[in-house]
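# pasting the structure only:
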DNA sequence: GTCTATATTGTGATAGAC
DNA sequence: GTCTATCACAATATAGAC
């Protein structure tokens, strides 16, 4: 907390502000206040708002992408992989509730960056796709388009967070506790749902 | 095309610009250019940017919400309902590719508005939830939390559009045709997937 | 490196002629 | 109703003292 240098102090403050407000609604003044320093220092260290944002976004991706790598890559059994991904992802969001909206907004602003970053981190979807194909050949799961299945798992896991306001507002009486329990229940629900859908 | 009044001309131009750029990146000047008129006229008709946006957003919701109402409400069989929703929703997006991102961005900006609008349009999730419960009691489908199932269907349908850039970029060689075919295949895929997951 | 003060720019909004 | 010209303000960015 105490002996931190100014650059990382700024980076952390900026991360907090950018993630909760998004690029354009986040103000340099607010970031400076959050860091307890002056506006001019932000420019001294990062030259421009855009540059600062880039730095923050890279940092965030470095937290997420390795997780995706585990999901896509490691040679653990497919059904375990689903559970692992759902569990890991949901726990990550717990810590940073605004992450999904943040990533998706910026994803739509500049898709290339995220894709490039995933490639440079060695994330390769072909590993999990061929794994799925093999499971089909072995007769362990139903015949299914592996890409569709992959998207299904991501959709089931990520979507509730993207749509949190409407899910909470329409289905859960706008109650945060209920939403929490809903998500907790979802950890096992998704695995069961997917496995039911694909088991022969 | 020709004998249209200025107000609806503005509304249509604004819709186009707001949907493709979002509230803050959309500029009044750009909307004026799109409409072939002057900036000042926008204020004459709609007083402020916010008011203009509200008008646009209401219009957009009026297109979407009745569709949701069919899904939530009508007393057609549940399995048919899934197919109907997937088909209808995907076709709607085809016509307006930027709709999902637009709605979700604004949803996170002001959840109350969308919820209130759905209520005022008579959308009531309880109808479909009790329908699911009844199907379970009858032994037609597996025991499952109806709310989880409802979210699953929405997630499977909507998520690919929200994540389009990454889906296209990582899985489909950045090829729009492939994405199109992927979505087309998805229409039947989702129904099959869900029905497999819940059938006893 | 850190600050205060100021320049610059973009954009929503208004005044007022026609 | 529609336009031109202008205001007002917010927010990024820079100059320059310390």
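Thanks, I have the structure now. Treat the numbers as computed from the prediction; the structure is a model and nothing was measured.

# Looking at the record's assignment, how would you partition chain A?
Chain A is divided into the following domains under automatic domain parsing: A:1-47, A:54-198.

# Single out the most deeply packed of these.
Of all these, domain A:54-198 has the most neighbours on average by mean count of other C-beta atoms under 10 Å in any protein chain shown, namely a mean of 17. All C-beta spots, glycine's among them, are computed from the backbone N, C-alpha and C.

# Let's verify residue A:54: helix, strand, or coil?
helix (DSSP: H, G, I helix; E, B strand; the rest coil).

# Tell me the spacing between it and DNA strand C.
From residue A:54 across to DNA strand C, the span is 19 Å (C-beta to the nearest atom of the strand, to the nearest Å).

# Just the pLDDT for that residue.
Residue A:54 carries a pLDDT value of 94.

# What separation do you get for it and residue B:60?
Taking C-beta to C-beta, to the nearest Å as the measure, residue A:54 falls 32 Å from residue B:60.

# Now do the strands in chain A.
Counting by DSSP state E, chain A has no strands at all.

# isn't residue A:69 right up against residue A:123?
Yes. Contact criterion C-beta atoms under 8 Å: residue A:69 and residue A:123 qualify, at 5.0 Å.

# Model confidence for residue A:106, exactly?
pLDDT, read off for residue A:106, is 82.

# ok, stretch A:29-38 near DNA strand D or not?
Yes. Stretch A:29-38 is in contact with DNA strand D by C-beta under 7 Å from any atom of the strand, via residue A:29.

# show me where chain A has helices.
Ranges of helices in chain A, per DSSP state H, are A:6-21, A:28-35, A:39-46, A:49-73, A:78-95, A:99-109, A:111-120, A:125-137, A:146-162, A:164-166, A:176-198.

# quick one, the third one and helix A:49-73 angle?
Helix A:39-46 runs at 50 degrees relative to helix A:49-73, counting by axes from the mean of the first three to the mean of the last three C-alpha atoms, to 10 degrees.

# Just checking helix A:39-46 against DNA strand C, any contact.
Yes. Against DNA strand C, helix A:39-46 shows contacts by C-beta under 7 Å from any atom of the strand at A:39-41, A:44.

# returning to that earlier point: switch the domains of chain A over to JSON lines, and while doing so, append distance to residue B:26 to every line.
Converted to JSON lines, those look like this (distance: least, C-beta to C-beta, whole Å):
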{"stretch": "domain A:1-47", "distance to residue B:26": "11"}
{"stretch": "domain A:54-198", "distance to residue B:26": "14"}
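
# Turn those domains into a markdown table, columns for distance to chain B.
Formatted as a markdown table, the domains of chain A follow (distance: least, C-beta to the nearest C-beta, whole Å):
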| stretch | distance to chain B |
| --- | --- |
| domain A:1-47 | 5 |
| domain A:54-198 | 3 |
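
# Of all those, which one comes closest to residue B:144?
For those, proximity to residue B:144 was assessed by C-beta to C-beta; domain A:54-198 is nearest, at 7.9 Å.

# chain center to that closest one: distance?
7 Å (C-alpha atoms, centre = their mean, to the nearest Å).

# Is any residue of that domain near DNA strand D?
No. On the criterion C-beta under 7 Å from any atom of the strand, domain A:54-198 is out of touch with DNA strand D, staying 11.6 Å away.

# Could you measure from residue A:142 over to residue A:121?
According to C-beta to C-beta, residue A:142 stands 31 Å off from residue A:121.

# Quick one: closest of the domains of chain A to residue B:152.
domain A:54-198 (6.0 Å).

# mind checking the end-to-end distance for the closest one?
Using C-alpha to C-alpha, to the nearest Å, one end of domain A:54-198 lies 40 Å from the other.

# try stretch A:114-125
The first and final residues of stretch A:114-125 sit 14 Å from each other (C-alpha to C-alpha).

# Can you tell me what sits against it?
Outside stretch A:114-125, the residues within contact range by C-beta atoms under 8 Å, 6 or more residues apart in numbering or on different chains are A:58, A:61, A:65-66, A:68-69, A:72-73, A:103, A:106-107, A:150, B:165-166, B:169-171.

# one more time with 6 Å
Contact with stretch A:114-125 is made by A:61, A:65, A:68-69, A:72, A:107, B:169-170, as judged by C-beta atoms under 6 Å, 6 or more residues apart in numbering or on different chains.

# CSV for these, including distance to DNA strand C?
Shown next, in CSV, are the contacts of stretch A:114-125 (distance: C-beta to the nearest atom of the strand, whole Å):
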residue, distance to DNA strand C
A:61, 26
A:65, 29
A:68, 34
A:69, 34
A:72, 39
A:107, 22
B:169, 28
B:170, 32
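
# out of these, who's nearest residue A:175?
For these, the nearest to residue A:175 is residue A:107 (29.4 Å; C-beta to C-beta).

# what's the closest of the residues of helix A:39-46 next to DNA strand C to DNA strand D?
Nearest to DNA strand D out of the residues of helix A:39-46 next to DNA strand C is residue A:40 (C-beta to the nearest atom of the strand; 3.7 Å).
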